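>>> give me the fold of what follows.
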Amino acid sequence: MAPNKLPQLNRGFCIEYRGKCYSARQLEQLLDALCLRLQAMGLAPGMVLASVGGQRWLNTLLLFALPRMGCVFFPVDPALPEYSRRQQLQAARADMVLADDACLEKLEADLASRFPARELEPDAVRLLLATSGTQGQPRIVELSGRNLAASVQASCKRLALEESDTWLACLPLHHIGGLSILLRCAHGGAKAVLMDRSDPPALKTALVQSQVTHLSLVPAMLHRLLETHGEFCPPATLKAVVLGGAPAPGALVEAALQLGWPLCPSYGLTEAASQVATLFPPPQRWRPGCAGFPLAHVEIKLCEDTDVISVRGPSIASHARCVDGGRWKLTDEQGWLNTRDLGRMDSEGRLYVFGRNDDVFVSGGENIHPQLLEQELAHCPGVEQVAVSAFADATWGDALAALYCGPASAGQVNDWARRNLQGVFVPKRFFKVEALPRNTMGKLLRAEVKVLAQKLVQEE
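From the prediction side, this is the model:
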């Protein structure tokens, strides 16, 4: 198979969802029917379709269907505040927005019809994914078929994915981490078990019942799993647990390794179409920050003065879209992407990653810019000024804390946030303060805000 083109569904590929297993042939029929349904709804080649409801089966089918229509897929985080969602849709230039999965109703009735596929060219944009950009403005990364193919093929090789393997797909499908699981299984002819829920009891049950060989988790998910089922021994079928999305606490990794979990700490990013480095085979012992050797398709260099990681290779996206209708150039003239992550390489070529070099927090695997939440929390009655920071937490990585000025009580702000925000976007702590740290020009001093937040947490 050409290295720059994603394949049609491998004949061994199948997806298990809600107790039903769909073979590659059955999936092909569903995709034809869905393409015809979307075409009847007005979707045409070149258009961008955004899915905002978070329906996992719909997003799975759209991932494979839209390139056949010559269209681009943009899955949106369903927990986003409305203002942020509008910004992202504007930046992505979405032509059609699906808020539910009504287009899948009675889809089986159309299985006899074939859709004349119009596959996108390898360098055409195939997938749009949101990341946090400068000053909280959304950055919509453009991933081409060539980008995705390079990442998928290198990942399958590194993780030794075979047709007899089963990957438990429990990560969100608006992230490259979740979507790449499906693409890898389709390429390698493996089975994907698609989960609706990722709580510890559901994960434990699926691991045992589905004879899982591969699993992807963010540290917050692993922490909750060990906290809830600390004595649970992973099934003998499990070969690799890819751990990424956020820096992993050393104590968490060591505890999991001692319990027999085949952890493979990994480093990747949306702009690289997922993995950059992964520690495989699973280590018996782990050194904090170690993400293993870079995958074969990428090069890594470190800035001599700052230790900031830059990456280059065929999986690296070259552009991102922004709200004003323009495009960001993500790479320099030599094709290097500055990740703004700090790291080092050891003498044998392993990559160690130590955190981000910007204001973005990583909470539960989600990249969250403080200004995004500040804009939302400013709408809370009784909040006159607000700053969002974070403190270290074993479950969430960066646990969000909101500091505010105004007459509202911390309980009132907490209640408002829980009604108007969702998931990791709800701060874990709320503190009422006399004033926020600012310079003479009125600019928020984020480093001082973080120190103050950590102090207030310790004093609780």
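>>> in stretch 319-339, what counts as buried?
Buried residues in stretch 319-339, counted by 16 or more other C-beta atoms under 10 Å: 319-323, 328, 330-331, 336-339. All C-beta spots, glycine's among them, are computed from the backbone N, C-alpha and C.
>>> end to end on it, go ahead and measure it.
One end of stretch 319-339 sits 14 Å from the other (C-alpha to C-alpha, to the nearest Å).
>>> same question for that stretch, mean pLDDT?
Across stretch 319-339, pLDDT averages out at 94.
>>> list of residues touching that stretch?
For stretch 319-339, contacts defined as C-beta atoms under 8 Å, 6 or more residues apart in numbering pick out 87, 90-93, 128, 131, 133, 137-142, 269, 271-272, 301, 308-312, 316-318.
>>> among the residues you listed, which ones are in strands?
Counting by DSSP state E, the part of these found in strands is 128, 131, 138-142, 269, 301, 308-312.
>>> give me the buried entries from the residues you listed.
128, 131, 138-142, 269, 308-312.
>>> tabulate those residues in JSON lines, adding columns for pLDDT.
Rendered in JSON lines, the data for these read as follows (pLDDT from 0 to 100):
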{"residue": "L128", "pLDDT": "98"}
{"residue": "T131", "pLDDT": "85"}
{"residue": "P138", "pLDDT": "77"}
{"residue": "R139", "pLDDT": "90"}
{"residue": "I140", "pLDDT": "97"}
{"residue": "V141", "pLDDT": "98"}
{"residue": "E142", "pLDDT": "98"}
{"residue": "L269", "pLDDT": "94"}
{"residue": "V308", "pLDDT": "93"}
{"residue": "I309", "pLDDT": "96"}
{"residue": "S310", "pLDDT": "98"}
{"residue": "V311", "pLDDT": "98"}
{"residue": "R312", "pLDDT": "98"}
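>>> just give me the closest of the residues you listed to G343.
Distance to G343, by C-beta to C-beta, is smallest for I309 among these, at 4.6 Å.
>>> so what pairs up with the closest one in the strands?
I309 has the following beta-bridge partners by DSSP bridges: L302.
>>> what about the helices in this structure?
Ranges of helices within the chain are 24-40, 56-65, 82-92, 145-158, 176-188, 200-209, 219-228, 250-258, 370-377, 410-420, 446-459, based on DSSP state H.
>>> could you dump the ones you listed to JSON lines with distance to A109, mean neighbour count and mean pLDDT?
Listed next are those as JSON lines, based on distance: least, C-beta to C-beta, whole Å; neighbours: other C-beta atoms under 10 Å; pLDDT from 0 to 100:
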{"stretch": "helix 24-40", "distance to A109": "8", "mean neighbour count": "19", "mean pLDDT": "95"}
{"stretch": "helix 56-65", "distance to A109": "16", "mean neighbour count": "22", "mean pLDDT": "98"}
{"stretch": "helix 82-92", "distance to A109": "31", "mean neighbour count": "18", "mean pLDDT": "93"}
{"stretch": "helix 145-158", "distance to A109": "31", "mean neighbour count": "23", "mean pLDDT": "97"}
{"stretch": "helix 176-188", "distance to A109": "25", "mean neighbour count": "24", "mean pLDDT": "97"}
{"stretch": "helix 200-209", "distance to A109": "31", "mean neighbour count": "16", "mean pLDDT": "95"}
{"stretch": "helix 219-228", "distance to A109": "38", "mean neighbour count": "20", "mean pLDDT": "90"}
{"stretch": "helix 250-258", "distance to A109": "46", "mean neighbour count": "16", "mean pLDDT": "89"}
{"stretch": "helix 370-377", "distance to A109": "42", "mean neighbour count": "21", "mean pLDDT": "84"}
{"stretch": "helix 410-420", "distance to A109": "40", "mean neighbour count": "15", "mean pLDDT": "96"}
{"stretch": "helix 446-459", "distance to A109": "55", "mean neighbour count": "15", "mean pLDDT": "92"}
